[in-house]
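Participant: Provided below for reference: sequence and predicted model.
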Amino acid sequence: MIELEHLTKRYGEKLAVDGLTFTVRPGVVTGFLGPNGSGKSTTMRMMLGLDKPSSGEVRIDGKRYIDLKEPLRYIGGLLEARGVHPGRSAHNHLLCLAQSNEISPSRVNEVLDIVGLTSVAHKRSKGFSLGMGQRLGIAGALLGDPQVLLFDEPVNGLDPEGIHWIRNLIRDLADQGRTVFVSSHLMSEMALTADHLIVIGQGRLLADTTMADFITHNAHSFVRIRTPQPERLIAVLSAEGIGWDRGDEGSFEVSDVPAEQLGELAARHRLVLHELSPQRASLEEAFMRMTATSVEYHAHTPSENNGTASAGAPGAPPGAEPGSGPGSSGWGAHRKRGEGR
Amino acid sequence: MNSYPAPAAPFPAGPAPVGQGGALPPPAAYTSPIPITTTGLGHALASEWTKIRTVRSTLWTLGVMFLFVIGLGMLMTFTVGEDEYDSSPILSFGLPGVLLGQLGVVTLGVLVITSEYSTGMIRTTLTACPRRGRVLAAKAIVFFVVTLVLSTAACSLVALINYAQLGGRDITGYAYTDTGHGDVVTGQTSVTSGEVVRATFGIGLYMALLGLLALAVGVLLRHTAGAITTMLGVVLLPLLAGLFIPDDDVRETLQEYSAPNIIGELYDIPIVGEDNGWGLLGLLALVTTVTLAAAATVLHSRDV
Ligand SMILES: Nc1ncnc2c1ncn2[C@@H]1O[C@H](COP(=O)(O)OP(=O)(O)OP(=O)(O)O)[C@@H](O)[C@H]1O
Ligand SMILES: [Mg+2]
C-alpha cells in the first residue's frame, strides 16, 4: 500500500506535483496516467525517497521510505531513466544491490532467469539493447521479492513478446496480493493491464477511479449501423425519437440505445443491415478527452472534467493532436483494438 | 468489473486471484517467503566492495598509479648518477612516480561517485539504501582502504628497489653528515626506519587521503570532468601560483602548503620547510574530513 498525502513538489517556479492525495492498494494493478510533463516520474521519484517533497508526504505500508530497514524487500522500483552502470555486468549489478539488502546471491540468478537475461548475465550492460536494459531494471525491482512495485513506463523499448511478458508479469504480481503501480503512455496496454486508474494533469489529480468507470464516464460508446437503405433508417430512427450521428463511410452512430433494441427495431421494419456493431469507447479516447480539457481550462476538479468531457463531440477530443483525430488511421486503429477485447 | 480476459499466467499461480474491483477491501497483502533481516553499514560495505571491483575504471586508474609509481620509480633508480645519490636520500627517487601516480588515485576517487551520477546508478543505489550517510561512509571506507593498501604496496616496492639498488654505496663527499638521515653514518648510503615508514605508509596515506578528498569533491560537484579539474587545481595551483608571486612570504606559504610539498617532506626533499611531512598530512586529513562532512550534508539535503 502506498499512501500519498498532499504531495507537492516545486522545482523553482515550476509546480511539478500539486497536492496529490491518493492511495495505491494491494491486489490490483493501478495505472498512472498523465500527459508528458504532468509529474508522473516526479511523483514516483518521491515515492522512492529520491526527491524530497516540497510539502506533503508518501508512506509505504505506513512507513516513510527512509525508515524502511531493507527497502528492496518492501518496494521495487523501475524508474524512467536507466539506473545501471554500463561497465558492470548484469550479474554484478544485481549482486551489489542484493548485498546491500541482505538478499542471498542465489536470488540474483533467479531474477535474471525470470527476466530472461541468464545468457548475458556476465556481459557488461553497456552492450545491452534498450529492451535488455529495461529487463535488467525490472530484475532489480523484483530482486527483493517486494510487496510494492513501481514501474515507470516499463514497456518502453520492449518488443511485442516483451510487452506481452510484462503485461502478464504485472497482472501476476497483483494477483499475488502485491501493490502494483504502473505508468505508461501506451493506452492499449494500460487498458489490458490496469484495474484502477490514477490520472493527473499538470501535477494535479484528475481522476482516481476504476478502469471501467473511467471509460464510461469519459468516453463515448455507441452502436454503428450500416445499411443500403439510409433514408428508411433515418425515417425509422426519427419515428422512434432516437438521435444519431453520421459516422465514417456512410455509417450511422447511435448512442444511448443498446444494439439488441436497434436490431429488433430494424427487423420490425424489414430494414437490411450490413453492420450493427457496438463500439466500446477506448481508454485512449477517455484519457485524451480528460487531459485535453485539463490543459484547456488549466485547473479542474475531476467532477467538472467529467461534465465537460461528455458534452464534447463524439470521437473528437478537443485539442487532440494532429494525426490522432477521428479521421486518422491511428485513432481508428486504436478504437478497433479496444473493441476487440 | 474488467471486461478483458485474464492473460495466461506464465508464472506459478500465487494465492487465488483477488477481487479486481478497486472499491473492494484489499486482500491479504503479499508476504515474501524470504526472511527479512535488518541491514547496516556492513551490508553497504559489501555492496560498495562489489561495485569498486567490478568496473574497469578501478583497474585503469589504479593500474596507471602502479605504472607511474613503480615504472617511473625504477627508471629513476636505475639511471641516477653518483652525485645524485650522494646528495639526496635514496628513497626520494620515488617522488616523480608518486607525483604522477597520485592523479590515478584522484581520478578513481572522483569516479567512485560521479560515475554513479552520470549513469543514473545513484538512483538505484539510494533506492536500495536510503540512508545516504551510510552509502557515503561505505564508499569512503572501501575506497580509502583499497587505495591505502595498494599505494602503500606500490611505494614499498619502489622503496625496496631503491634500497637494493642504491643502498650501501660509498658516499664520496659526506655531504649529509648533519641531516639525521640514515645515510653516511658509516660513510655509506642507508635508510632509517622512520624514513621507510614515511616513504611507504606515509605516501600511501597521502594518496588515500587525497583520493578521499577527490571523492568528497565528486559528491559536491556530481560531475566527473568538473571534479577532476578541481582536484588538479587543488593539487597544482598553490605550487604553480607560487612561481609567479614576487612576494617571498606569500610564495613560500603557498608552496609549503601545496600538496606536492607533502610528498617532498615525506621523502625528506621538501620544496619549502624542514618538517617530516606528518604535520602536513594531518592538515590534509583535516581538510578531507571537513570536505567529506560538507559532502554528507549536501548529499543528505539534495534531490538525487
Ligand atoms: N529535476 C528537475 N528540475 C526541474 N524541473 C523538473 C525536474 N524534474 C522534473 N521537472 C519538471 O517537472 C515536470 C514534471 O516532470 P515529470 O518528469 O515528472 O513528468 P512525467 O509525467 O513523468 O512526463 P513524461 O510522461 O514525459 O515522462 C516537468 O515540467 C519537468 O520539466
Ligand atoms: Mg516520466
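Facilitator: Ah, there it is. Numbers count the residues shown, from 1 in each chain, chains lettered A, B, ... in the order given. Ligands and ions are numbered 1, 2, ... in the order given.
Participant: residue A:84 touches residue A:134, doesn't it?
Facilitator: No - assessed by Cβ atoms under 8 Å, residue A:84 is found out of contact with residue A:134, at 10.3 Å. The C-beta positions use only the backbone N, C-alpha and C, and glycine is treated the same way.
Participant: any shared contact partners between the two?
Facilitator: The contact sets of residue A:84 and residue A:134 do not overlap (Cβ atoms under 8 Å, 6 or more residues apart in numbering or on different chains).
Participant: leaving out sequence neighbours, find the closest residue to whichever residue of chain B sits closest to ligand 1.
Facilitator: Nearest residue of chain B to ligand 1 (Cβ to the nearest ligand atom) works out as residue B:303 at 6.4 Å. Leaving aside its sequence neighbours, residue B:303 sits nearest to residue A:51 (Cβ to Cβ, 6 or more residues apart in numbering or on different chains; 4.4 Å).
Participant: name all residues that make contact with that neighbour.
Facilitator: Taking Cβ under 8 Å, 6+ apart, one finds A:9, A:42, A:45, B:303-304 in contact with residue A:51.
Participant: let me see the confidence value for residue 220.
Facilitator: Assuming you mean chain A. You'll see residue A:220 listed with a pLDDT of 77.
Participant: try chain B instead
Facilitator: With respect to pLDDT, residue B:220 scores 98.
Participant: what of the one 3 residues further on?
Facilitator: For residue B:223, the model assigns a pLDDT of 96.
Participant: would you confirm that it contacts residue B:116?
Facilitator: No - applying Cβ under 8 Å, one finds residue B:223 not in contact with residue B:116, separated by 11.9 Å.
Participant: how long is stretch B:197-207 end to end?
Facilitator: Terminal residues of stretch B:197-207 lie 14 Å apart, using Cα to Cα, to the nearest Å.
Participant: list the buried residues of it.
Facilitator: Residues of stretch B:197-207 classed as buried: B:198-207 (neighbour count, 16 or more other Cβ atoms under 10 Å in any protein chain shown).
Participant: what does it rub up against?
Facilitator: The contact list for stretch B:197-207, computed with Cβ under 8 Å, 6+ apart, reads B:65, B:91-92, B:94, B:98, B:101-102, B:105, B:147-149, B:151-153, B:155-156, B:159, B:262-263, B:266-268, B:276-278, B:281, B:284.
Participant: so what's the closest residue to residue B:117 other than its chain neighbours up against?
Facilitator: Of all residues not flanking residue B:117 in the chain, residue B:222 sits nearest, at 4.5 Å (Cβ to Cβ, 6+ apart). Residues in contact with residue B:222 (Cβ under 8 Å, 6+ apart) are B:113-114, B:117.
Participant: closest one of the residues you listed to residue A:265?
Facilitator: Nearest to residue A:265 among the contacts of residue B:222, counting by Cβ to Cβ, is residue B:117 at 67.3 Å.
Participant: I'd like the next helix or strand past the lowest-mean-pLDDT helix or strand in chain B.
Facilitator: Across the helices and strands of chain B, mean pLDDT, DSSP states H and E gives its lowest value to helix B:82-87, namely a mean of 65. Counting by DSSP states H and E, the next helix or strand C-terminal to helix B:82-87 is helix B:95-119.
Participant: next SSE after that following helix?
Facilitator: Defined by DSSP H and E, the subsequent element after helix B:95-119 is helix B:121-128.
Participant: now that next one and helix B:95-119, what's the angle there?
Facilitator: Angle of helix B:121-128 versus helix B:95-119, following axes from the mean of the first three to the mean of the last three Cα atoms, to 10 degrees, is 70 degrees.
Participant: hmm, back to that, now intersect the contacts of stretch B:197-207 with the helices, please.
Facilitator: Residues of the contacts of stretch B:197-207 located in helices (DSSP state H): B:65, B:98, B:101-102, B:105, B:147-149, B:151-153, B:155-156, B:159, B:262-263, B:266, B:278, B:281, B:284.
Participant: any of the residues you listed buried? List them.
Facilitator: Looks like these have B:65, B:98, B:101-102, B:105, B:147-148, B:151-152, B:155-156, B:159, B:262-263, B:266, B:278, B:281, B:284 buried, using 16+ other Cβ under 10 Å.
Participant: run a quick neighbour tally on residue A:261.
Facilitator: 13 (other Cβ atoms under 10 Å in any protein chain shown).
Participant: now residue A:219
Facilitator: Neighbour number of residue A:219 under other Cβ under 10 Å is 26.
Participant: could you measure from it over to residue A:290?
Facilitator: 9 Å (Cβ to Cβ, to the nearest Å).
Participant: how about residue B:145?
Facilitator: 56 Å.
Participant: quick one, which of the two is more surrounded?
Facilitator: Using other Cβ under 10 Å, the more surrounded residue of residue B:145 and residue A:290 is residue A:290, with 26 against 13.
Participant: before I go, just wanted to say thanks for your time.
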